[in-house]
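J.: Just the structure for this:
(one chain, ligands or ions: 2)
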Amino acid sequence: MRHFLKETDLTAAETAQVFAVAAVLKAGRGKSDAAALARQSWGLMFFKKSTRTRVSFQVGVHELGGLPVMLNADDLQISRGETVADTARVLSRYLHGMVIRCHEHSLLEEFARCGSMPIVNALSDFLHPCQFMTDMFTLAERFAPGQPAKYAASLKGKKIAFLGDTACNMANSFVLGGAALGVEIALAGPAGYEPGAEIRAQLKKDGLPETFTFSTDPAAAVKGADMVYTDVWVSMGMEAEKAERLRTMQPYQVNAKLMALAKPSAYFMHCLPAHPGEEVSAEVLESKQSIIFDQAENRLHVQKAILAHLAAHRG
Ligand code: CP
Ligand code: NVA
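T.: Ligands and ions are numbered 1, 2, ... in the order given. The predicted structure follows:
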């Protein structure tokens, strides 16, 4: 049984294949839709808020010929103490796979271990791999236009600067996925927000080198970057630290002055939702360099390719 809980659950060759399939699905949307999930039912379970992930997966399962079953975790017995193991075993009797957004990453691992269906990480406190895969696909569309077979290879050696909360799930995904794809990841954030022990241990487990750099100097990270990325300063679940985070992360706001230090051809990306005036200025968000809505759209195409890949490799 294959799962997609982290970037490295796909080999480099499979990632290249997923990108190529996503390009086909994108080009054929509404004209030659695939039926990779025909007669299947997939659960989409959310313990946290979501706009993009919720809608893109629901539409994606439908477009692949399957039935998306929307599950608000609050409405299930799991929120009244039913164990993860029992929930996973029961739902495996109805569903062909599940997409789950949750707090502790270990819940996804337990679901995958106890159930008998593919599990997809739709964001945990640790990683957001569907977003990372989409972000790389969106960049590759620009680096190798019209050549989907070269998308993955086109990313090698490119420099990505990630600013702000460099200990959050998105930053972790860039650290792990960047190492796997050979992308240079330069992180800049306040002291105390360095990538933590958990992501370093994951790199080690996957046999990947620590190729990322961390600096407290945003200018150093952005210098010569092909793409500048940021995420919210207050991730879901971190609300109690809001005041402190808004104060310490201020120097890491992506604004026009900082973007000017990147390559003139550099793109700006953000997983969204954005908070204009906090982690990014409204000017940069709305600038020509910003490709945030292509990024949001591509969630649909890339996730469809991931779901199709898992369905084809059920084992
Ligand atoms: N980027 C992202 O995952 O957005 P949502 O939280 O709206 O799903
Ligand atoms: N780091 C953010 C990502 C939102 C898509 C969060 O976890 O809230």
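J.: which bits of this structure sit near ligand 1?
T.: Taking Cβ under 6 Å from any ligand atom as the contact definition, the chain meets ligand 1 at 50, 51, 52, 53, 54, 123, 131, 271, 272, 273. No exception for glycine: its C-beta is placed from N, CA and C like everyone else's.
J.: contacting residues around the second one?
T.: Pointing back at residue 51 there. Neighbour list for residue 51: residue 273 [criterion: Cβ atoms under 8 Å, 6 or more residues apart in numbering].
J.: my read: residue 138 touches residue 268, true?
T.: No. The criterion here is Cβ atoms under 8 Å, and residue 138 misses it with residue 268 at 11.7 Å.
J.: Common neighbours of the two, please.
T.: Contact criterion Cβ under 8 Å, 6+ apart; residues shared by residue 138 and residue 268: residue 291.
J.: And the strands in the stretch 1-150 of the chain?
T.: Per DSSP state E, counting those that start in this stretch, the stretch 1-150 of the chain carries strands over the ranges 41-46, 67-72, 97-101, 119-121.
J.: can you put the ones you listed in TSV and add distance to residue 225 and mean pLDDT?
T.: TSV is the format used below for the strands of the stretch 1-150 of the chain (distance: least, Cβ to Cβ, whole Å; pLDDT from 0 to 100):
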stretch	distance to residue 225	mean pLDDT
strand 41-46	33	98
strand 67-72	37	98
strand 97-101	29	98
strand 119-121	27	99
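J.: can those go into TSV with extra columns for mean neighbour count?
T.: Shown next, in TSV, are the strands of the stretch 1-150 of the chain (neighbours: other Cβ atoms under 10 Å):
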stretch	mean neighbour count
strand 41-46	22
strand 67-72	16
strand 97-101	25
strand 119-121	27
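J.: related to what we said a few turns ago, which members of the residues of the chain next to ligand 1 define the maximum pairwise distance?
T.: For these, the maximum inter-member distance is 14.1 Å, found between 54 and 271 (Cβ to Cβ).
J.: Report the central residue of the protein.
T.: residue 131 (2.1 Å; Cα atoms, centre = their mean).
J.: For that residue, give its distance to ligand 2.
T.: Distance of residue 131 to ligand 2, given as Cβ to the nearest ligand atom, to the nearest Å: 6 Å.
J.: Next, the contact list for that residue, please.
T.: By Cβ under 8 Å, 6+ apart, the contact set of residue 131 is 123, 170, 173, 271, 299.
J.: Which ones among the residues you listed also lie next to ligand 2?
T.: Filtering these for proximity to ligand 2 by Cβ under 6 Å from any ligand atom leaves 123, 170, 271.
J.: Shouldn't the second one be within a helix?
T.: Spelled out, that is residue 170. Yes. Under DSSP: H, G, I helix; E, B strand; the rest coil, residue 170 falls within a helix.
J.: Could you double-check that it sits in contact with residue 128?
T.: Yes. With contact defined as Cβ under 8 Å, residue 170 and residue 128 form a contacting pair (5.5 Å).
J.: what do the two both touch?
T.: Here residue 170 and residue 128 have residue 271 as joint contacts, going by Cβ under 8 Å, 6+ apart.
J.: Between the two, point out the one with more neighbours.
T.: Set residue 170 next to residue 128 and count neighbours by other Cβ atoms under 10 Å: residue 128 wins out with 28 against 24.
J.: List phi and psi for the more buried one.
T.: phi -140, psi 70 (degrees, to the nearest 10).
J.: so what's it up against?
T.: Listed by Cβ under 8 Å, 6+ apart, the contact set of residue 128 reads 121, 169, 170, 173, 271.
J.: just the contacts of residue 131 now: which is nearest ligand 1?
T.: Of all these, residue 271 has the smallest distance to ligand 1: 3.9 Å, by Cβ to the nearest ligand atom.
J.: any chance of the ones next to ligand 2 among the contacts of residue 131 in JSON lines, plus pLDDT?
T.: Formatted as JSON lines, the ones next to ligand 2 among the contacts of residue 131 follow (pLDDT from 0 to 100):
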{"residue": "123", "pLDDT": "99"}
{"residue": "170", "pLDDT": "99"}
{"residue": "271", "pLDDT": "98"}
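J.: before we move on, the earlier item: can you select the buried ones among the contacts of residue 131 for me in PyMOL?
T.: To isolate the buried members of the contacts of residue 131 in PyMOL, using 16 or more other Cβ atoms under 10 Å:
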select buried, resi 123+170+173+271+299
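J.: out of the contacts of residue 131, which are inside helices?
T.: Counting by DSSP state H, the contacts of residue 131 place 170, 173, 299 in helices.
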